[in-house]
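*Asks:* Next one to model:
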Amino acid sequence: MLFGESALVDAIKTSCYYWLDTTSGSLSCTQIADIVPPMQLLNNVVPLLPQNTQWYTFQCANQCSLVATHKGKVVLSIMLNASSLSIPTDWLESMFNSDDALTQAQINSLLHQQPDEAFMLGKIVCSCFSVREKTITTAIEQGTNSVSGLGTALKCGTNCGSCKTELASLLSANHKASTLPKPNNDDTSANTPVTEETLL
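*Replies:* Below you'll find the model as predicted:
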């Protein structure tokens, strides 16, 4: 897979045996295939990279990757694998569209073709304490049923309070999902109610 600025992706994809463009916002995403092994294909495209980029590589048995940056911002990611890749493009877009330079951990996650932990935990809901959506929904699934309960468990909503509306929405959405009838449900399971405080 090639992902990045259109000019770079376009310059590289034509050197591959097979390529297929897919849509991904303002960036180019191209699935590629070739008859040569991944490492040889990567070696073939390295000379096509602009001189003003810094690049990082990783290789192992059937996988190799390259991340090219310019002034700390990622401009191209090449992810080659002997088998088909299933990489979330929204994760890639978040890396490329960030206003900040990539951290070494983010570069490593691109090189290893694995979304970083922060992405897997979802968007930040509480910016005061950097509490992410998946952390909140996990707490709700484990029985926390109020905004104040989430504040006690995770600190979210306890500083500026601007996230309380979204916390209430997550509580409500989880409550609705948990009360939907399930196949072969004998209705003996108890659902934890959402308290009135949730709606505040």
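*Asks:* Could you tell me the per-residue confidence at N185?
*Replies:* For N185, the pLDDT comes out at 48.
*Asks:* and the helix ranked longest in the chain, which residues are buried?
*Replies:* Longest helix of the chain, by residue count under DSSP state H: helix 164-179. Neighbour-count burial for helix 164-179, counted by 16 or more other Cβ atoms under 10 Å, picks out K164, E166, L167, A168, L170, L171, N174, H175. (Glycine included, C-beta is placed from N, CA and C.)
*Asks:* so the third one makes contact with T158?
*Replies:* No: the pair L167 and T158 does not pass the contact test of Cβ atoms under 8 Å, sitting 10.6 Å apart.
*Asks:* any shared contact partners between these two?
*Replies:* Taking Cβ atoms under 8 Å, 6 or more residues apart in numbering as the contact rule, L167 and T158 touch no residue in common.
*Asks:* Which of the helices or strands spans the spatially most central residue of the chain?
*Replies:* Nearest residue to the geometric centre of the chain (Cα atoms, centre = their mean): W91, 2.9 Å. Using DSSP states H and E, W91 maps to helix 89-96.
*Asks:* likewise Q106?
*Replies:* Using DSSP H and E, Q106 sits in helix 104-111.
*Asks:* Touching that helix from outside, list them.
*Replies:* Under the criterion Cβ under 8 Å, 6+ apart, residues 56-58, 65-67, 69, 74, 77, 79, 92, 95, 102, 115-116 lie in contact with helix 104-111.
*Asks:* Kindly recompute the last result at 6 Å.
*Replies:* With Cβ atoms under 6 Å, 6 or more residues apart in numbering as the test, helix 104-111 has contacts from Y56, F58, S65, V67, S77, D116.
*Asks:* quick revisit: give me the helices and strands touching the longest helix of the chain, please.
*Replies:* The criterion is 3 or more Cβ pairs under 6 Å, 6 or more residues apart in numbering; DSSP states H and E, and the helices and strands that helix 164-179 contacts are helix 133-141, helix 147-154.
*Asks:* quick one: average pLDDT of the longest one?
*Replies:* Mean pLDDT, taken over the full extent of helix 133-141, equals 93.
*Asks:* Just want the angle from that helix to helix 147-154.
*Replies:* Between the axis of helix 133-141 and that of helix 147-154 there is an angle of 110 degrees, by axes from the mean of the first three to the mean of the last three Cα atoms, to 10 degrees.
*Asks:* Could you export the longest helix of the chain as PDB, keeping only the C-alpha atoms?
*Replies:* Output of helix 164-179 as PDB, limited to C-alpha atoms (Å, rounded to 0.1, in the frame of the first residue of the first chain):
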ATOM      1  CA  LYS A 164     -20.100  16.200  30.000                       C
ATOM      2  CA  THR A 165     -22.600  16.400  27.100                       C
ATOM      3  CA  GLU A 166     -20.600  13.800  25.200                       C
ATOM      4  CA  LEU A 167     -20.200  11.600  28.200                       C
ATOM      5  CA  ALA A 168     -24.000  11.700  28.700                       C
ATOM      6  CA  SER A 169     -24.400  10.800  25.000                       C
ATOM      7  CA  LEU A 170     -22.000   7.800  25.400                       C
ATOM      8  CA  LEU A 171     -24.000   6.700  28.500                       C
ATOM      9  CA  SER A 172     -27.300   7.000  26.600                       C
ATOM     10  CA  ALA A 173     -26.000   5.200  23.500                       C
ATOM     11  CA  ASN A 174     -24.600   2.300  25.600                       C
ATOM     12  CA  HIS A 175     -27.900   2.100  27.600                       C
ATOM     13  CA  LYS A 176     -29.900   1.900  24.400                       C
ATOM     14  CA  ALA A 177     -27.600  -0.800  22.900                       C
ATOM     15  CA  SER A 178     -27.800  -2.800  26.100                       C
ATOM     16  CA  THR A 179     -31.600  -2.800  26.200                       C
END
